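Novice: Sequence plus predicted model, see below.
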Amino acid sequence: MAKRPNPFAVRHIELHGHDVTYRMAGEGPAVVLVHGLAGSSTTWKYVMPVLAENGYTVIAPDLLGHGESAKPRGDYSLGAYASGIRDLMVALDVEKASFVGHSLGGGVAMQLAYQFPERCERLALVCSGGLGKEVNIFLRAVSLPGSEFVLPVILAPWFRERAEGFGDVFRKVGWKPGSTLSEVWRSYTTLTTREGQMAFIHTVRSVIDMVGQRVSARDRLYLAKAAPTLIVWGDHDRVIPVDHAYAAHELMPGSRLEILPGAGHFLPFEQPDWFNGVLCDFLATTQPAELADTNLRELLAAD
């Protein structure tokens, strides 16, 4: 019997001379899923099939510098990422979409909605960056001068093998790493090439410095009232604190806030059943926004 093709297999497209990879399946209104730092489209492996089965066209790109996409020396700012996703939508003939962003991807999703409001039907922020200063100390360390020399040592094969060997020993005596630690380790050990490591460092430095997150959307969150917005967080998030969720909810009139007790930073695969239920309900019970420059002008004038 012939093997059935995987509808979520990686696809390739060339944009501006760079190879961009993405996954796409389903039929219906478009939902664009944007992963976080050191992540890839596989962040959404438990989410994509559910959305496709519920009548949506799901698009999950590997951001430039991540996953299987190209890793050039270039611009890794939120604005560049937002423009890149807009270009991918144009190339795929997708006019509008609901944007769902995890961690760094939340910042990209907000930037997309800000730069291209006419393309945003809904906005879902999952443990999102760009909503406050505080962030995990490891990411602040990556922003420091010299990290480009330290990171290759930490991620060298011999170091990684020894660290994983110690982990195996501890597991034999009953230690179980949490899902957050496991995923952080899996994500960062995918940075096996010099190009990938430098792309990671440049991305971190575009939004974080030694003090914390230096790019904030808080002064523009009032603009989000024009589109249905969902904020989702785990109250045990050790990467970006849950306080950012409550602050953003206060600043985004009409937003929906969902906090999962005991959950960490990686909700899409740490708690996929709960997450999928919340996301699907949000998509099904809200009306897509119809935004244009006139809407934005009215909001700016009213500020």
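Specialist: Perfect, thanks for sending it. From a predicted model like this one, the values you see are computed outputs, not experimental measurements.
Novice: can we go C-alpha only for contacts and neighbour counts from here?
Specialist: Noted.
Novice: correct me, but L37 touches G106?
Specialist: No. Between L37 and G106 there is no contact, the gap being 10.6 Å when judged by Cα atoms under 8 Å.
Novice: Please report the separation between the first and final residues of stretch 23-36.
Specialist: With Cα to Cα, to the nearest Å applied, stretch 23-36 spans 16 Å between its terminal residues.
Novice: out of L37 and G106, which sits in the busier spot?
Specialist: In terms of neighbours (other Cα atoms under 10 Å), G106 is the more surrounded of L37 and G106; the figures are 28 against 20.
Novice: where's the more buried one, which helix or strand?
Specialist: Here G106 sits within helix 104-115, counting by DSSP states H and E.
Novice: now the helix or strand following that helix against helix 104-115, angle please.
Specialist: Past helix 104-115, heading to the C-terminal end, the next element that is a helix or strand (DSSP H and E) is strand 120-126. Orientation note: strand 120-126 sits at an angle of 150 degrees relative to helix 104-115 (axes from the mean of the first three to the mean of the last three Cα atoms, to 10 degrees).
Novice: Can you give the strand pairings for strand 120-126, parallel or anti for each?
Specialist: Under the criterion DSSP bridges, strand 120-126 sits next to strand 97-102 (parallel), strand 229-234 (parallel) in its sheet.
Novice: Out of those strands, which is closest to V204?
Specialist: Nearest to V204 among the strands paired with strand 120-126 is strand 97-102; the distance by Cα to Cα comes to 14.9 Å.
Novice: Can you list the buried residues in the closest one?
Specialist: Residues A97, S98, F99, V100, G101, H102 are the ones in strand 97-102 that count as buried (16 or more other Cα atoms under 10 Å).
Novice: export these to a markdown table and tack on distance to G264 and pLDDT?
Specialist: Below are these laid out as a markdown table (distance: Cα to Cα, whole Å; pLDDT from 0 to 100):
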| residue | distance to G264 | pLDDT |
| --- | --- | --- |
| A97 | 27 | 97 |
| S98 | 24 | 98 |
| F99 | 21 | 98 |
| V100 | 18 | 98 |
| G101 | 16 | 98 |
| H102 | 12 | 98 |
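Novice: Could you provide those residues in JSON lines, with additional columns for distance to V278?
Specialist: Output for the buried residues of strand 97-102, formatted as JSON lines (distance: Cα to Cα, whole Å):
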{"residue": "A97", "distance to V278": "18"}
{"residue": "S98", "distance to V278": "14"}
{"residue": "F99", "distance to V278": "15"}
{"residue": "V100", "distance to V278": "12"}
{"residue": "G101", "distance to V278": "14"}
{"residue": "H102", "distance to V278": "14"}
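Novice: Tell me the one of those nearest A141?
Specialist: Within the buried residues of strand 97-102, proximity to A141 (Cα to Cα) peaks at H102, which comes in at 21.0 Å.
Novice: Please give me every residue in contact with the closest residue to that closest one other than its chain neighbours.
Specialist: By the measure of Cα to Cα, 6 or more residues apart in numbering, the closest residue to H102 outside its immediate chain neighbours is V126, 4.6 Å from it. The contact partners of V126, taken as Cα atoms under 8 Å, 6 or more residues apart in numbering, are V100, G101, H102, S103, G106, I231, V232, W233, L267.
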